[in-house]
Structures are given as structure tokens and as C-alpha cells.
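In: Dropping a prediction and its sequence here:
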Amino acid sequence: MVAVTDKTEKRLTIQTGEIAEDTTTIRSLDWDRDRFDIEFGLQNGTTYNSFLIRGEQTALVDTSHEKFRQLYFDTLTGLINPTDIDYLIVSHTEPDHSGLIKDLLQISPEITVVASKVAIQFLEDLVHQPFKRKIVKNGDRLDLGNGHEIEFVIAPNLHWPDTIFSFDHKTQILYTCDAFGMHYCSDSTFDDDLKTIEADFHYYYECLMGPNARSVLSALKRMGELPAVKMVATGHGPLLFHNVEELIGRYRKWSQTQNKAENTIGIFYVSEYGYSDRLAQSVINGINKTGVAVEVVDLGSGIDLQELRELVGRCTGIVIGMPPVSGNSSIQAALSTVLGSAKEKQAIGIFETGGGDDEPIDPLLTKFRNLGLVTVFPEIRIKQTPTENTYKQCEEAGTDLGQWVTRDRSIKAMKSLSADLDKALGRLSGGLYIITAQKGEVSSAMLASWVSQASFKPIGLSIAVAKDRAIESLMQVGDRFVLNVLEEGNYQTLMRHFLKRFAPGADRFEGIRTQKAENGAPILADALAYMECEVQSRMDCGDHWAVYSTVYAGRVSKLESLTAVHHRKVGNHY
């Protein structure tokens with residue numbers, strides 16, 4: 001069954017289907033979503049998956065995003081009277097899966113909510129009404145009858161602190177919410193074509209699961225105690241049926257590699273406080289651009305202090321999201337353990353989480369500096385609700401930190417080519433350009449020379465963009481930008497300005513004359529020419545993305561002038 005919002009344009013649709021005995025999926029297909037949070041660019045939309053299990057009693061596993069409210073409940077009531085649902089299993093409380101819980105409980109207040117202790121605490125703040133609840137721990141079971149006995153696996157930090165998996169012993173389906181999912185929207189309920197989805201599967205892992213590699217391995221170990229898993233019913237994208245062993249194996253391999261990484265940055269914060277989850281995720285996304293492993297620790301989750309000491313000891317960088325002053329004793333003990341385990345020459349970065357009662361930054365920062373730690377990015381202070389620029393500042397801070405801890409590796413890579421090859425590569429020349437982009441409140445720019453026309457019909461060009469460039473987040477598929485062409489003999493001022501290393505969140509256009517393009521991006525007034533472009537596709541080229549874009553507008557200011565040309569001496573670094 002499929003329900004559609006608009007017959008002429010697929011934007012929000014619902015797909016249902018029987019995936020096993022007594023088991024129905026309700027997949028909310030978000031075809032055109034191009035961002036997940038501010039920094040997670042999507043090329044293929046996403047889905048929010050919900051499941052109905054009917055035994056002698058009935059359980060609903062997760063709901064959907066609030067944007068699907070009418071579609072979801074029209075579909076659900078077509079399958080079952082909501083008052084006949086006995087249990088709502090909440091895999092975790094992130095809004096894209098829990099956005100309709102309050103509505104469901106208003107329709108059917110007798111439903112018992114089944115979730116982890118942390119999830120129940122979050123839900124109390126979310127629904128603002130009394131509700132029946134059943135808190136489950138690892139290994140607990142819920143018998144729905146007719147063989148549908150649900151066993152729960154605690155999987156914190158995948159990727160929220162309250163996550164649980166649910167395993168139906170009758171159908172051997174494991175419901176995993178975010179884990180093993182992907183942001184990929186299609187009519188295919190299952191992973192029919194591995195080649196088509198594997199890039200999105202890996203990208204999703206890198207963005208959301210890689211920073212929690214240690215938690216992934218812990219969850220995999222618990223999963224190993226279950227009978228064989230025949231299907232993984234994920235919260236996003238197609239369900240895993242044809243490639244279950246292969247894709248679970250990839251999670252294990254990637255997480256083991258992350259866990260043994262040469263450089264690791266530890267992110268320490270209290271997930272349920274302030275805006276810490278979103279801010280920390282932005283820092284993580286910035287670090288991920290540099291290829292550095294990330295370990296995320298919720299100081300409020302009761303982590304073993306010896307394990308915490310060992311983690312801090314092996315980190316090359318540490319990021320602290322300031323916990324509340326009035327935090328409980330276990331949070332304060334964990335923070336003290338981080339401080340006591342830090343060592344000289346580790347990198348340190350601190351951000352406030354904006355809960356209104358953060359621990360003061362300056363005394364803690366002074367203690368770290370006195371221990372010999374190096375402050376890599378200016379402390380990020382949150383005095384009001386974070387904006388898009390705030391999250392972009394956090395992302396850029398994470399990238400700066402990742403670049404700092406890999407500086408020795410980068411220098412070694414520069415020296416790795418033979419002198420002859422290095423000099424030969426240096427003879428490849430290119431023009432000089434400045435790319436400018438704006439999306440919402442966030443703007444950015446970069447100097448570029450790896451630019452080339454790529455097609456006539458449509459008019460298209462390709463640009464190589466390093467993965468750790470700040471502007472990379474604004475050059476996802478569908479994003480628009482301006483390519484500014486620099487003028488021979490009149491480019492030094494602009495080149496020097498945009499070659500500067502900007503502090504995280506700094507205005508890259510301060511002191512530069514600009515005007516606004518139709519797509520909203522800045523046009524440089526002193527450029528020789530400009531072209532307005534839209535990203536059509538991106539190809540992974542190792543440490544760069546090859547970004548193919550179509551050109552739909554442009555203008556030259558001086559017809560007699562030539563493009564500035566960049567000649568390099570060596571070919572293995574800028």
C-alpha cells in the first residue's frame with residue numbers, strides 16, 4: 001500500500017508491507033530531504049521506518065517524524081485500531097523516530113511504553129502527560145504470544161544514549177533503529193542491490209556510528225549472544241535481508257579499525273543537557289573530515305572510571321562539552337577523571353552546551369593548560385539558542401583539531417613522493433578561482449585552482465574540493481554556489497585574504513566588497529568573472545571530492561582581461 005501527499009510530485013509518501021509472519025513495516029519516505037541536521041548532507045533523501053508486530057498482544061516499534069503526522073496515522077488506522085496496540089517499543093527518542101509518540105498516547109492512553117531508563121526520562125519531558133511504562137535492561141524479554149517473544153539488547157550511543165535493539169525470536173528480526181541504517185529513499189523495502197546502496201551505507205556509518213566505534217563493538221558483542229539474525233529492521237533506509245552478514249561484518253571491520261586508529265580524539269559531554277548532542281555532533285562531523293577516529297563518551301551514562309582513564313590516556317585530542325554545575329556526583333567524578341588522566345601535549349578544545357548552568361570554562365581550561373595541553377581552537381561560548389552559524393563554528397573547530405593532531409602525518413605524506421614525480425606533478429597548472437557559498441545563515445569561501453569545464457550539454461564544470469575544507473558542507477548535491485574567476489595581474493589582494501587561516505566561525509568576507517548572486521552566495525566585486533552553479537554529483541577521490549556542477553548564469557566584468565594562472569613547483573601539496 002502507498003499513500004501519497006501529491007500525485008504529481010513524490011515528496012512525502014508512506015509504504016507498507018508484510019515483511020514476516022504477523023509483521024508489517026510502515027515506511028515514511030522523505031524523498032526530497034537534503035539535510036539531516038545542518039551538517040549531514042543527503043543525496044538520496046531518507047526514510048523513517050516503523051513496525052507492527054501482532055501476537056496475542058500487539059506491539060508498535062517506533063513511530064515517525066512529525067512531518068508525517070496525517071499520513072502516518074491515516075495509514076496506521078488502516079492497519080489497526082490504535083487503541084488495540086498494547087505496547088509501543090521506543091528504540092530511542094530522537095525526534096525523527098519519536099515525533100508522533102505524544103499524538104499516539106493521546107489517541108491511545110492505555111499503551112505501555114517499553115524503553116530504556118534513559119529513554120523513559122527523555123519521554124517524560126517530551127509528552128508532558130502520565131503514561132504507562134516498562135523499563136527494560138539488556139536480556140529482558142516481552143512475550144507478545146504466538147511465539148513473538150521480544151528480547152532487548154541495550155546499545156547506548158548508537159547514536160543516542162538511550163538506544164535499545166529488539167529481537168523477535170519467532171521471526172528472527174532485529175529492530176535496530178539508527179544502527180545499520182542509511183539515508184537512502186527508494187521504493188525497495190529491502191537491500192536488493194548492494195552496489196546501489198553501499199556508498200550511502202558507509203557514509204552513514206562514518207557520520208553517525210564511526211564516532212561511537214567502541215559502542216558499536218559492544219553492541220555487536222551483545223548481538224552475538226542472540227540466535228542467528230535473519231533480518232535487520234533499520235530505522236532509516238531499506239531493511240537488511242539479502243546482505244545481513246556482509247553489512248554487519250562491515251560494521252565490525254570499520255569499528256575495529258577505528259578502535260585501533262593512530263590518532264583518536266575523545267568527545268566528553270552530558271548528552272541530556274543543553275544542546276550538547278547537536279553541538280557535539282557538529283564537532284564530530286568536522287573531525288571526520290580529517291580522517292581521525294573519534295570516541296564519544298556520555299559523562300552522565302555511568303561509564304567505568306578505569307575505562308575512562310584508559311580512553312583519555314590514548315587520545316591525542318580531547319573535547320569537553322561543559323556539563324552542568326549542579327550535575328550529579330557521578331558526572332563530576334567522570335569530569336575529574338578526564339582532567340586527572342590528561343597528559344602533556346594533548347590537544348584540548350572546550351565548548352559550552354548552553355543549558356543555562358554550564359560549568360565555567362575558564363577555570364577548567366586553565367587547569368588543562370597548566371598540565372601542558374595545547375588549546376587548538378578558541379573556546380566556544382553559547383549564550384543563547386545555537387544558530388546554524390554556531391553549529392558551523394563547531395564543525396570548523398573539529399576540523400582544526402583533526403588537522404592539528406595529524407600534522408606530523410601530513411608532513412610525512414608530503415615527503416613520500418619521489419622528487420622527480422613530485423616535480424612532474426607540479427607542472428600541472430590551473431586557473432585561480434574563489435568559490436563562495438551561502439546556505440541559510442552560513443557562508444564560506446575557498447581559493448581553488450583545480451577547476452575545469454566538464455561538459456557542454458548541459459554546461460558543467462568540475463571542482464576538486466579537499467574533504468577537510470569548511471566549504472565542503474555547503475557543496476552537497478543540490479547546493480548552489482558562485483565560482484569567482486580571478487584576474488591576471490589583479491588577484492594578489494583577494495588571494496592573500498582567502499589563503500588566511502580563519503578561526504572557526506569567522507566571517508570570511510569581512511573587508512571584502514561583495515554583492516549577492518541570485519542563488520544568495522556572495523559575488524566578489526573585484527573578480528574578473530563569476531558563474532552561478534548547482535551541484536549535481538560528487539565523486540570520492542581519496543582526500544578530495546570531485547564536485548560536478550551545472551552552470552546556469554554568469555558574467556564577465558572585463559572582456560579584454562585574462563584569467564590568473566597558478567603554477568606550482570611540487571605536486572603533492574598546495
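Out: Happy to help now that I have it. Residues are numbered from 1 along each chain as shown.

In: what's the domain layout of this structure?
Out: Following automatic domain parsing, the chain resolves into domains at 2-258, 261-410, 419-566.

In: Now render these as JSON lines, adding mean pLDDT.
Out: Below are the domains of the chain laid out as JSON lines (pLDDT from 0 to 100):
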{"stretch": "domain 2-258", "mean pLDDT": "90"}
{"stretch": "domain 261-410", "mean pLDDT": "88"}
{"stretch": "domain 419-566", "mean pLDDT": "92"}
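
In: Same list (those) but as TSV, adding mean neighbour count.
Out: C-betas here are computed from N, CA, C, even on glycine. Formatted as TSV, those follow (neighbours: other C-beta atoms under 10 Å):
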stretch	mean neighbour count
domain 2-258	19
domain 261-410	19
domain 419-566	17
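
In: In contact with the closest residue in space to residue 324 that isn't next to it in sequence, which residues are there?
Out: Counting by C-beta to C-beta, 6 or more residues apart in numbering, residue 357 is the residue found nearest to residue 324 once chain neighbours are left out, at 4.9 Å. With contacts defined as C-beta atoms under 8 Å, 6 or more residues apart in numbering, the neighbours of residue 357 are 324, 325, 326.

In: one more time with 10 Å
Out: By C-beta atoms under 10 Å, 6 or more residues apart in numbering, the residues touching residue 357 are 273, 274, 322, 323, 324, 325, 326, 327.

In: ok, now residue 159?
Out: Listed by C-beta under 10 Å, 6+ apart, the contact set of residue 159 reads 92, 94, 177-179, 204, 207-212, 215-216, 277, 281, 284, 296.

In: do the same with residue 150
Out: Applying C-beta under 10 Å, 6+ apart, the residues near residue 150 are 53, 55, 59, 61, 87, 89, 114, 136, 140-144, 166-170, 173, 175.

In: what's the answer for residue 569, then?
Out: Residue 569 sits next to 422, 423, 426, 427 when contact means C-beta under 10 Å, 6+ apart.

In: What I need now is those residues written out in CSV, including distance to residue 375 and secondary structure for each item.
Out: Shown next, in CSV, are the contacts of residue 569 (distance: C-beta to C-beta, whole Å; DSSP: H, G, I helix; E, B strand; the rest coil):
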residue, distance to residue 375, secondary structure
422, 34, helix
423, 38, helix
426, 36, coil
427, 41, coil
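
In: And these, which two are furthest apart?
Out: For those, the farthest-apart pair by C-beta to C-beta is 422 and 427; their separation is 10.5 Å.

In: Now residue 50: which helix or strand?
Out: strand 46-54 (DSSP states H and E).

In: Sheet partners, orientation included, of that strand?
Out: Strand partners for strand 46-54, identified by DSSP bridges, are recorded as strand 23-30 (antiparallel), strand 58-61 (antiparallel).

In: what about these, which gets the closest to residue 347?
Out: When these are compared by C-beta to C-beta, strand 23-30 sits nearest residue 347, at 37.7 Å.

In: That closest one: how far from the chain's middle?
Out: With C-alpha atoms, centre = their mean, to the nearest Å as the basis, strand 23-30 stands 23 Å off its chain's centre.

In: how about it as PDB, C-alpha atoms only?
Out: In PDB, the C-alpha atoms belonging to strand 23-30 read as follows (Å, rounded to 0.1, in the frame of the first residue of the first chain):
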ATOM      1  CA  THR A  23       4.900  -8.300  11.000                       C
ATOM      2  CA  THR A  24       4.200  -5.200   9.000                       C
ATOM      3  CA  THR A  25       6.500  -2.300   8.100                       C
ATOM      4  CA  ILE A  26       5.300   1.300   7.800                       C
ATOM      5  CA  ARG A  27       8.000   3.200   6.000                       C
ATOM      6  CA  SER A  28       7.700   7.000   5.800                       C
ATOM      7  CA  LEU A  29       9.600   8.000   2.700                       C
ATOM      8  CA  ASP A  30      11.100  11.500   2.700                       C
END
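
In: so where do the helices sit in the stretch 251-400 of the chain?
Out: Under the criterion DSSP state H, counting those that start in this stretch, the stretch 251-400 of the chain contains helices at 276-288, 305-314, 329-341, 361-370, 388-405.

In: I'd like these written out as TSV, with distance to residue 533 added.
Out: Shown next, in TSV, are these (distance: least, C-beta to C-beta, whole Å):
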stretch	distance to residue 533
helix 276-288	24
helix 305-314	43
helix 329-341	45
helix 361-370	40
helix 388-405	21
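
In: Columns distance to residue 226 on top of the contacts of residue 569, output as JSON lines?
Out: Shown next, in JSON lines, are the contacts of residue 569 (distance: C-beta to C-beta, whole Å):
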{"residue": "422", "distance to residue 226": "53"}
{"residue": "423", "distance to residue 226": "58"}
{"residue": "426", "distance to residue 226": "56"}
{"residue": "427", "distance to residue 226": "59"}
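
In: phi, psi of residue 343?
Out: The phi and psi values for residue 343, taken as degrees, to the nearest 10, are phi -140, psi 160.

In: which residue sits closest to residue 146, ignoring its sequence neighbours?
Out: Excluding its sequence neighbours, the residue lying closest to residue 146 (C-beta to C-beta, 6+ apart) is residue 55, at 4.3 Å.

In: Touching, that neighbour and residue 169? I think so.
Out: No - using C-beta atoms under 10 Å as the test, residue 55 is too far from residue 169 to be in contact (11.1 Å).

In: Need the residues touching each of these two.
Out: With C-beta under 10 Å, 6+ apart as the test, residue 55 and residue 169 both reach 143, 147, 148, 149, 150.

In: Go through the contacts of residue 569 and say which is closest to residue 469.
Out: Nearest to residue 469 out of those is residue 426 (C-beta to C-beta; 21.2 Å).

In: List the residues that contact residue 62.
Out: Contact analysis of residue 62 by C-beta under 10 Å, 6+ apart lists 26, 48-51, 88-92, 94, 96-98, 100-101, 166, 175, 177, 233, 235.

In: Keep only those of those residues that are in strands.
Out: 26, 48, 49, 50, 51, 88, 89, 166, 175, 177, 233 (DSSP state E).

In: Let me know the closest of those to residue 304.
Out: Minimum distance to residue 304 across the ones in strands among the contacts of residue 62 is 25.0 Å, recorded for residue 177 (C-beta to C-beta).

In: Check the spacing between the closest one and residue 265 real quick.
Out: Using C-beta to C-beta, to the nearest Å, residue 177 is found at 26 Å from residue 265.

In: quick one: the residue nearest to residue 146 and residue 308, what's the gap?
Out: For residue 55 relative to residue 308 (C-beta to C-beta), the value is 41 Å.

In: Residue 192 now?
Out: As judged by C-beta to C-beta, residue 192 and residue 308 stand 43 Å apart.

In: and what of residue 238?
Out: Counting by C-beta to C-beta, the separation of residue 238 from residue 308 is 37 Å.

In: Check residue 67 too.
Out: Counting by C-beta to C-beta, the gap from residue 67 to residue 308 is 39 Å.

In: before we move on, what about residue 245?
Out: According to C-beta to C-beta, residue 245 stands 33 Å off from residue 308.
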